[in-house]
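Asks: Here is my input; please provide its structure:
(3 chains)
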Amino acid sequence: MNYWLFKTEPGEFSIDDLRDVTKPEPWDGIRNYQARNILRDQVKLDDQVLIYHSSCKNIGVAGTAKVVKEAYPDPAQFDPENHYFDPKSDPDNPRWVCVDVVFESKFGNIVPLKVIKDTPKLADMTLVKRGRLSVQPVTKSEFQLIKKMSKAV
DNA sequence: GCCAACGTTGGC
DNA sequence: GCCAACGTTGGC
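Replies: This next block holds a predicted model:
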């Protein structure tokens, strides 16, 4: 069992949106090679995911999700109407992948980035050491501590 | 392959 | 809106 942190801008797609969908949600639009490699090679069925809200008023970890489908070609890359369309991606050799997730929990309280930064046990998180990466690994103890800090409902 | 210019992410 | 810290592009 592995643990991950996925970023999303709640203005685009939030933990509430994830909670309200009735089908597995494709985590699409990942257009960074390092994040792509993690999705493609390491994210496995039943892995646990922290859902992180970025670029918003209330920045921090907002809930959890679970992986229900491993990497497959991101359909958005072939759709010219889609914001994430990539004309350079070859359908015979897709450049980008996504995974499917389902809602697991919404935190009673968001665990703010500021609090994470101020927590010594979380100082090694990629989130703290290197901001910009939309899919990143989290250790089991980090995952469990953040969940505990949230008083998850 | 180098590197300057440009683009993006994302906190503040 | 600013800007630091990346990542990408493209000329040479």
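Asks: drop to CA atoms for contacts and neighbour counts, all remaining ones
Replies: Fine.
Asks: how close does the residue in chain A sticking out farthest from the centre get to A:Ile110?
Replies: What lies farthest from the middle of chain A is A:Asp92; by CA atoms, centre = their mean that is 26.5 Å. Counting by CA to CA, to the nearest Å, the gap from A:Asp92 to A:Ile110 is 41 Å.
Asks: Number of residues surrounding the closest residue in space to A:Lys121 that isn't next to it in sequence?
Replies: Distances taken as CA to CA, 6 or more residues apart in numbering place A:Glu142 nearest to A:Lys121, at 7.5 Å, with adjacent residues excluded. Counted with other CA atoms under 10 Å, the neighbours of A:Glu142 add up to 17.
Asks: hmm, who's touching the lengthiest helix in chain A?
Replies: Determined from DSSP state H, the single longest helix within chain A is helix A:140-150. By CA atoms under 8 Å, 6 or more residues apart in numbering, the residues outside helix A:140-150 that reach it are A:Asn2, A:Tyr3, A:Leu50, A:Phe107, A:Gly108, A:Asn109, A:Ile110, A:Val111, A:Lys121, A:Leu122, A:Met125.
Asks: By neighbours, which of these wins?
Replies: A:Leu50 (26 neighbours).
Asks: isn't there a strand covering that one?
Replies: Yes - assessed by DSSP: H, G, I helix; E, B strand; the rest coil, A:Leu50 belongs to a strand.
Asks: okay, it: pLDDT?
Replies: Looking at A:Leu50, its pLDDT reads 97.
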